[in-house]
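Enquirer: output the structure for:
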Amino acid sequence: MTTAITSRQATGDLKREIKLQAIILASYIALLWALELVDSAVFRGGLDGLGIHPRSPAGVWGILAAPFLHGGFGHLAANTAPLAVLAWFVMLRETRHFFIVGAISAVIGGLGIWLFGGAGTVHIGASITIFGFLGYLLFRGWFDRNFASILGSLVVALLYGSLVLGMLPGRPGISWEGHLFGFAGGALAARLLRQRRAPVSR
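Expert: Numbers count the residues shown, from 1 in each chain. Got it, this is the predicted structure:
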């Protein structure tokens with residue numbers, strides 16, 4: 001009887017956790033689309049100017065705003081699917097990791113853009129966070145050194161490994177700096193959030 005109750009409790013907890021993750025993801029994506037709709041209908045794209053302006057004292061505040069802004073609905077649509085999938089992969093271990101990895105990636109990615117981005121450019125887009133999630137998921141297997149994490153990293157590499165090409169410079173209108181430093185932020189998050197193995201008694 002105790003085993004059956006425990007099993008039902010575990011199933012109930014899992015369902016609640018999945019529901020919470022779905023609510024978080026849906027709310028996040030809805031926020032991005034609502035902001036783009038307001039920007040398009042009310043500000044005529046003016047909110048894009050709140051992005052990161054490299055080495056501009058005023059532009060440093062764009063580090064906070066840039067991951068939520070997009071250069072049109074096409075830009076946002078291209079980011080939505082990989083953002084949703086990778087964010088959910090991040091939450092599979094712990095839901096709170098979505099917020100931690102997202103924040104670290106946004107800050108490291110934003111600072112990298114601000115320091116090394118091209119003069120006179122403005123950088124926006126959730127791709128900073130997308131590449132942060134990607135870096136976290138790819139490096140989690142390396143830092144955790146357990147079967148589940150390594151398998152997860154391999155699956156992500158197969159599905160989204162080609163995205164790493166977006167960290168290479170040369171494509172006009174693409175913030176490769178944001179991709180590169182966002183990815184670095186995700187890798188750092190993987191290091192900070194790694195699972196520590198219990199010491200082996202001899």
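
Enquirer: in this structure, mark out all the helices, start to finish.
Expert: Here the chain has its helices, by DSSP state H, at 2-41, 62-65, 73-91, 97-116, 127-144, 147-160, 176-192.

Enquirer: dump those to TSV, plus distance to Gly170.
Expert: Any C-beta I mention is one placed from the backbone N, CA and C, and that applies to glycine too. Formatted as TSV, those follow (distance: least, Cβ to Cβ, whole Å):
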stretch	distance to Gly170
helix 2-41	27
helix 62-65	23
helix 73-91	19
helix 97-116	15
helix 127-144	16
helix 147-160	20
helix 176-192	8
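
Enquirer: doesn't Asn79 make contact with Met33?
Expert: Careful, residue 33 is Trp; it's not Met. No - counting by Cβ atoms under 8 Å, Trp33 sits too far from Asn79 to count as a contact (10.7 Å).

Enquirer: and these two? Which one has more around it.
Expert: Legend: neighbour count by other Cβ atoms under 10 Å for Trp33 and Asn79, higher for Asn79 (20 against 14).

Enquirer: against Leu159, how distant is the more buried one?
Expert: Per Cβ to Cβ, to the nearest Å, Asn79 is found 16 Å from Leu159.

Enquirer: spit out the contact partners of the residue positioned nearest the centre of the chain.
Expert: What sits nearest the mean C-alpha location of the chain, by Cα atoms, centre = their mean, is Thr129, with 3.2 Å. For Thr129, the contact set (Cβ atoms under 8 Å, 6 or more residues apart in numbering) comprises 67, 83, 102, 105-106, 109, 182.

Enquirer: also Ile128?
Expert: Ile128 makes contacts with 66-67, 105-106, 109-110, 113, 175, 178-179, 181-182, as judged by Cβ under 8 Å, 6+ apart.

Enquirer: the least confident helix or strand in the chain by mean pLDDT relative to helix 97-116, how many degrees between them?
Expert: The helix or strand of the chain with the poorest confidence is helix 2-41; it has a mean of 88 (mean pLDDT, DSSP states H and E). Angle, helix 2-41 to helix 97-116, by axes from the mean of the first three to the mean of the last three Cα atoms, to 10 degrees: 40 degrees.

Enquirer: can you tell me which helices and strands helix 2-41 packs against?
Expert: Counting contacts by 3 or more Cβ pairs under 8 Å, 6 or more residues apart in numbering; DSSP states H and E, helix 2-41 is packed against helix 73-91.
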